[in-house]
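In: Would you be able to build a 3D model of this:
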Amino acid sequence: MLRNLSISKSLISRISPRRELRIALFVAMEACWSYGMFAFLSALIDARPASPFAIWLGYWIAMIAGRVLPRSQKRWIVLQLLAIAIAALTILAVARIELYERLDAFDLSWLPQFIRALATTQVTLSAERLIGLAMLFAFVRGLGYAQRPLTLWFVGFRFRVGVVIFCFLLIATSTIHPLPLTPWLFIYFAIALLSIALARIEEMVGDAHLGSRWAITLLSAITFVIFLGVALLQILSLETVSAIFGLLAPLWIAITLLLAILAFPAALIAEWLVGLLRPMLEAIQSFADALRQLAPQNQPEREITELDPGIVSTIVPTLQTLVVIAIFLFAGYLLARALHRRMLQIEEETFVREAVGDQADTLRRVNIAKKRKPRSRARDASAESIRRIYAALVARAKATGLARANAETPYEFLPRLTRAFAHADDLRAITEAYVATHYAERDLSGELTRVRAAWARVEQTMRAAKSK
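Out: Modelled structure (predicted):
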């Protein structure tokens with residue numbers, strides 16, 4: 001009994017309220033745009049969508065399961081079966097709450113009805129299938145996020161992806177089916193800003209205690225940003241855009257004249273190109289006529305079977321919808337990739353120190369960086385984590401009174417660190433990993449775990465030195 005009590009106390013001591021809050025906020029951030037997507041699909045078929053809380057619950061249970069199950073040290077097939085069982089129970093529980101809330105607590109008559117609705121062979125998107133699809137989507141994504149560290153880079157990237165998805169959702173709701181998603185966009189921004197702030201604090205100060213003054217300042221800043229967005233939304237409305245176009249109406253005359261001036265030489269160039277290509281087109285036409293004469297004559301014409309109009313009326317709208325969705329997804333992927341590259345450049349400029357050498361050397365490094373091919377996402381994530389670990393190391397050292405000079409290189413700063421703190425090998429490992437990723441741009445994805453372990457030991461030593 002004492003052993004079980006000690007195990008329970010150790011498990012409770014491992015629970016970090018700030019870490020659990022970061023997970024809950026990240027899950028809520030993902031649930032916002034997921035709810036918008038499934039609410040739009042539900043509006044198209046006039047069905048009831050899954051509630052935001054249900055989608056959040058699916059994400060959260062999946063992340064908890066993805067963190068707890070691997071620690072059980074069971075076989076991989078057993079872990080997979082347990083994950084499938086948890087997913088099935090989550091889907092059934094949410095369906096019971098969302099679709100059959102009027103039934104008695106112990107009435108199981110809904111279960112066969114729900115399973116039949118899921119297993120039917122009809123190609124329709126019913127409310128049962130939509131809720132099952134939403135929960136399965138949230139659970140699979142939550143399992144994928146469970147083993148990923150919620151770093152500033154990762155949370156920021158997911159925030160930018162969500163903004164792109166909301167952008168296309170708002171375009172779709174304004175053109176295809178009206179749906180009030182604007183409030184959810186503001187809720188998404190508020191949750192995302194708080195989640196990004198917590199991720200930044202976690203990387204910089206670790207488990208340091210933050211009081212109520214910090215929380216009030218952070219919430220006030222987020223509230224100010226949201227109210228600023230609401231104010232800009234009131235100003236930048238459709239009426240404002242129409243008024244701006246009305247003021248710019250005289251410019252359309254100048255633009256029309258400019259297009260007319262450009263159209264005359266363009267017509268001359270087009271006529272010259274047609275005359276240049278006419279002999280080649282005539283040769284191709286004569287060759288096609290010669291091939292047509294080689295075919296056997298007097299063959300019975302094949303009977304052309306016409307498609308059923310009902311099939312055509314079903315297939316054509318489906319294909320059109322799939323093409324539109326594919327175009328939106330491809331455009332969103334390109335936009336998210338461009339935003340991702342741009343934010344990586346901004347983060348790189350934020351953490352890169354000014355060059356100590358001359359201007360020519362600096363320009364040479366910038367040109368090489370521009371010509372280099374983009375690195376893989378895993379390599380970028382490991383390099384970003386190592387840079388942030390070293391930034392946290394410098395910040396911790398400065399808090400204890402050992403500040404790094406502006407023109408001091410990492411190797412020049414290392415001897416002072418080893419004299420002031422213990423774990424000289426760990427300090428050297430962190431410094432060498434930072435230099436290898438920051439300056440040499442080597443891939444140290446396999447060394448990230450060792451660097452994190454070294455930083456955990458060094459951080460404890462620095463925290464103890466600061467408390468003294």
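In: can you list the domains in the chain?
Out: 15-236, 237-276, 319-351, 370-467 (automatic domain parsing).
In: Lowest average confidence across those, which one?
Out: Mean pLDDT values for the domains of the chain show the minimum at domain 319-351, a mean of 63.
In: quick revisit: could you redo the domains of the chain as a markdown table and give each row distance to residue 284 and mean neighbour count?
Out: (Each C-beta comes from the backbone N, C-alpha and C, glycine too.) Below are the domains of the chain laid out as a markdown table (distance: least, Cβ to Cβ, whole Å; neighbours: other Cβ atoms under 10 Å):
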| stretch | distance to residue 284 | mean neighbour count |
| --- | --- | --- |
| domain 15-236 | 42 | 16 |
| domain 237-276 | 14 | 10 |
| domain 319-351 | 31 | 12 |
| domain 370-467 | 41 | 16 |
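In: These into CSV, with extra columns for distance to residue 290?
Out: Shown next, in CSV, are the domains of the chain (distance: least, Cβ to Cβ, whole Å):
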stretch, distance to residue 290
domain 15-236, 49
domain 237-276, 24
domain 319-351, 37
domain 370-467, 49
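In: nearest to residue 292, of those domains?
Out: domain 237-276 (24.9 Å; Cβ to Cβ).
In: Report the distance from the closest one to the chain centre.
Out: 39 Å (Cα atoms, centre = their mean, to the nearest Å).
In: repeat for stretch 120-133
Out: What separates the centre of stretch 120-133 from the centre of its chain is 27 Å, taken as Cα atoms, centre = their mean.
In: What's the end-to-end length of that stretch?
Out: Stretch 120-133 stretches 14 Å from its first residue to its last (Cα to Cα, to the nearest Å).
In: Need the contact partners of that stretch.
Out: Outside stretch 120-133, the residues within contact range by Cβ atoms under 8 Å, 6 or more residues apart in numbering are 38, 41-42, 45, 47-50, 54, 91, 94-95, 98-99, 114, 117-118.
In: Mind checking the domains of the chain for the one nearest to residue 288?
Out: Distances from residue 288 to each of the domains of the chain were compared using Cβ to Cβ; the minimum, 19.3 Å, belongs to domain 237-276.
In: surely residue 149 meets residue 385?
Out: Yes: at 7.4 Å, residue 149 and residue 385 qualify as touching, with contact defined as Cβ atoms under 8 Å.
In: Tell me the buried residues in stretch 272-291?
Out: Within stretch 272-291, no residue is scored as buried using 16 or more other Cβ atoms under 10 Å.
In: Using CSV, write out every CA atom in it.
Out: C-alpha atoms of stretch 272-291 as CSV (Å, rounded to 0.1, in the frame of the first residue of the first chain):
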residue,chain,number,x,y,z
TRP,A,272,3.6,38.5,-87.1
LEU,A,273,3.6,35.3,-85.0
VAL,A,274,0.6,33.9,-86.8
GLY,A,275,2.2,34.5,-90.2
LEU,A,276,5.4,32.9,-88.9
LEU,A,277,3.6,29.8,-87.7
ARG,A,278,1.2,29.4,-90.6
PRO,A,279,3.5,27.2,-92.8
MET,A,280,4.1,24.8,-89.9
LEU,A,281,0.4,24.6,-89.1
GLU,A,282,-0.4,23.9,-92.8
ALA,A,283,2.2,21.1,-92.9
ILE,A,284,0.7,19.5,-89.8
GLN,A,285,-2.8,19.7,-91.3
SER,A,286,-1.7,18.1,-94.6
PHE,A,287,0.1,15.3,-92.6
ALA,A,288,-3.1,14.6,-90.6
ASP,A,289,-5.1,14.4,-93.9
ALA,A,290,-2.7,11.9,-95.3
LEU,A,291,-3.0,9.7,-92.2
